[in-house]
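Chemist: here's my sequence, what's the structure:
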Amino acid sequence: MNIGIIGSGNIGGTLAERWANGGHDVALSNSRGPETLADFAARIGPRARATTIEEAAAFGDIVLAAIPYGKYETLPAGALGGKIVIDAMNYYPQRDGEIDFGDFASSELVARHLTGSRVVKAFNTLPAQRLATGGDTAAPLDERLVVWMAGDDAEAKAVVGRLIEEFGFAPLDAGSLHEGGLRQQSGGPLFVGVTLAEARKLLLKISTVP
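Modeler: Predicted structure coming up:
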């Protein structure tokens, strides 16, 4: 599968390396230009290339957005139309400035910007180090760390779920982009690192709270 990476820092770079090592082709990009990623792409190996943001968006069957949340409106909506976009961004007001979300989850604003894209919130609740080393393909699913997913497109979530499971994590559907997105964004009750067995108990507890 071709995967575009927009934002190749801790999260984007870690996932790019894992996906490339797992047999996917990845296009790395950032706001500073492909020349700043050439050495990193070379270290990953022949399945990685350094590109512009527009090229990464066009290349990917799936595109990971891992830039600072305050810059989400710089994502190229036209090039991402019709694509599955994984929103791995977290909002931090001290970095991103004050944003009035109203009643929306942060990922819903991303989806409103990326009209026509199939947005799935995922890979935002675990730090890069755990994404790099925490997966265990030999472990039973119940013992694996969860990567939460939120979205309104069941097929898109299934595709993302397979990518999650490939390198030893357990995908778990947190719900719609609104309800699930609110739960798993920074400060939400699902913004935690737990195993699948623990996560199911957590979901049950949340669903019974009046």
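
Chemist: spit out the contact partners of the residue nearest to the spatial centre of the chain.
Modeler: Closest residue to the average C-alpha location of the chain: residue 88 at 3.3 Å, with Cα atoms, centre = their mean. Each residue near residue 88 by Cβ atoms under 8 Å, 6 or more residues apart in numbering is listed here: 11, 12, 15, 64, 65, 66, 122, 123, 124. Just so you know, the C-beta spots here come from the backbone N, C-alpha and C atoms, and that holds for glycine as well.

Chemist: try 6 Å
Modeler: Residue 88 is in contact with 11, 64, 66, 123, 124, counting by Cβ atoms under 6 Å, 6 or more residues apart in numbering.

Chemist: now do the contacts for the fourth one.
Modeler: The contact partners of residue 123, taken as Cβ under 6 Å, 6+ apart, are residue 88.

Chemist: tell me how far it lies from residue 107.
Modeler: Relative to residue 107, residue 123 is positioned 12 Å away (Cβ to Cβ, to the nearest Å).

Chemist: for residue 154, same thing?
Modeler: Per Cβ to Cβ, residue 154 is found 16 Å from residue 107.

Chemist: neighbour-wise, which of the two wins?
Modeler: Between residue 154 and residue 107, counting by other Cβ atoms under 10 Å, residue 107 is the more crowded of the two (31 against 8).

Chemist: is it correct that the more buried one is in contact with residue 121?
Modeler: Yes - applying Cβ atoms under 6 Å, one finds residue 107 in contact with residue 121, separated by 4.3 Å.

Chemist: please enumerate the helices of the chain.
Modeler: Secondary structure of the chain (DSSP state H): helices at 10-21, 38-44, 53-59, 93-96, 106-113, 128-133, 154-166, 179-184, 196-207.

Chemist: deepest in the core, which of those helices is it.
Modeler: Scoring the helices of the chain by mean neighbour count under mean count of other Cβ atoms under 10 Å gives helix 179-184 as the most buried, with a mean of 23.

Chemist: what does that one rub up against?
Modeler: Contact with helix 179-184 is made by 105, 107, 121, 125, 148, 150, 174, 188, 189, 190, as judged by Cβ under 6 Å, 6+ apart.

Chemist: columns pLDDT and distance to residue 200 on top of those, output as a markdown table?
Modeler: Shown next, in a markdown table, are the contacts of helix 179-184 (pLDDT from 0 to 100; distance: Cβ to Cβ, whole Å):
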| residue | pLDDT | distance to residue 200 |
| --- | --- | --- |
| 105 | 97 | 22 |
| 107 | 98 | 22 |
| 121 | 98 | 19 |
| 125 | 97 | 16 |
| 148 | 98 | 12 |
| 150 | 98 | 16 |
| 174 | 96 | 12 |
| 188 | 95 | 17 |
| 189 | 95 | 14 |
| 190 | 96 | 12 |
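
Chemist: which of the residues you listed sit farthest apart?
Modeler: Spatial extent of these (Cβ to Cβ) is set by the pair 107 and 189 at 15.9 Å.

Chemist: what's the closest non-adjacent residue to residue 188?
Modeler: Distances taken as Cβ to Cβ, 6 or more residues apart in numbering put residue 182 closest to residue 188, at 5.8 Å, once the chain neighbours are dropped.

Chemist: where does the one you found land on pLDDT?
Modeler: On pLDDT, residue 182 comes in at 97.

Chemist: done for today, thanks.
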